[in-house]
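Engineer: need a 3D model of the following:
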Amino acid sequence: RETIRQELSTKDSTAICIVEGVNTDGTLNLFVLPDRQTSIKNITNQCRFDFKAGDTALLYLIGNRLSNSFVIAKYNAKPADVGWEN
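Structural biologist: Down below sits the predicted model:
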C-alpha cells in the first residue's frame, strides 16, 4: 500500500482553489482548499476567464506539485468573465 501511495503522490492532480487576489501581471494568488491560511503566489491563469478575489478556480498540478501548477478552469463562469477569445 505504501508503494501505491508513493506512486500516486507523483501523478498529476487537480485542486479546488479560492482566488485571494490578482497581480498586475495577471497571475493569481490562491488558497488551495481546505487551507485558507496559506496563500500560493503568482500562479499562471491558463484558462480564458478573468478572475477576481473570491472566485473559485481549478488548479492543475503537474506531478502533484504546487511549484509546477496553473489554473485551468473557473467555476460558475459567466460569458462576461471571458478575458480573451481564441
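Engineer: separation between the residue nearest the centre of the chain and residue 48?
Structural biologist: Closest to where the C-alpha atoms of the chain average out (Cα atoms, centre = their mean) is residue 59, at 2.8 Å. Distance check for residue 59 against residue 48: by Cβ to Cβ, to the nearest Å, it reads 16 Å. For glycine as for every other residue, the C-beta is placed from the backbone atoms N, C-alpha and C.
Engineer: ok, what's across the strand from the residue nearest to the centre of the chain?
Structural biologist: Beta bridges link residue 59 to residue 15, residue 71 when assigned by DSSP bridges.
Engineer: right, and it touches residue 32 too?
Structural biologist: Yes: between residue 59 and residue 32 a contact is recorded at 6.6 Å, counting by Cβ atoms under 8 Å.
Engineer: got the buried residues for stretch 10-23?
Structural biologist: The neighbour-count check on stretch 10-23 (16 or more other Cβ atoms under 10 Å) flags 15, 17-19, 22 as buried.
Engineer: what's the overlap in contacts for residue 59 and residue 32?
Structural biologist: Overlap of the contact sets of residue 59 and residue 32 (by Cβ atoms under 8 Å, 6 or more residues apart in numbering) consists of 15-17.
Engineer: of those residues, just say which sits nearest to residue 36.
Structural biologist: Nearest to residue 36, judged by Cβ to Cβ, of those is residue 17 at 10.3 Å.
Engineer: once you drop chain neighbours, what's closest to that closest one?
Structural biologist: Closest residue in space to residue 17, ignoring its immediate chain neighbours: residue 30 at 4.1 Å, by Cβ to Cβ, 6 or more residues apart in numbering.
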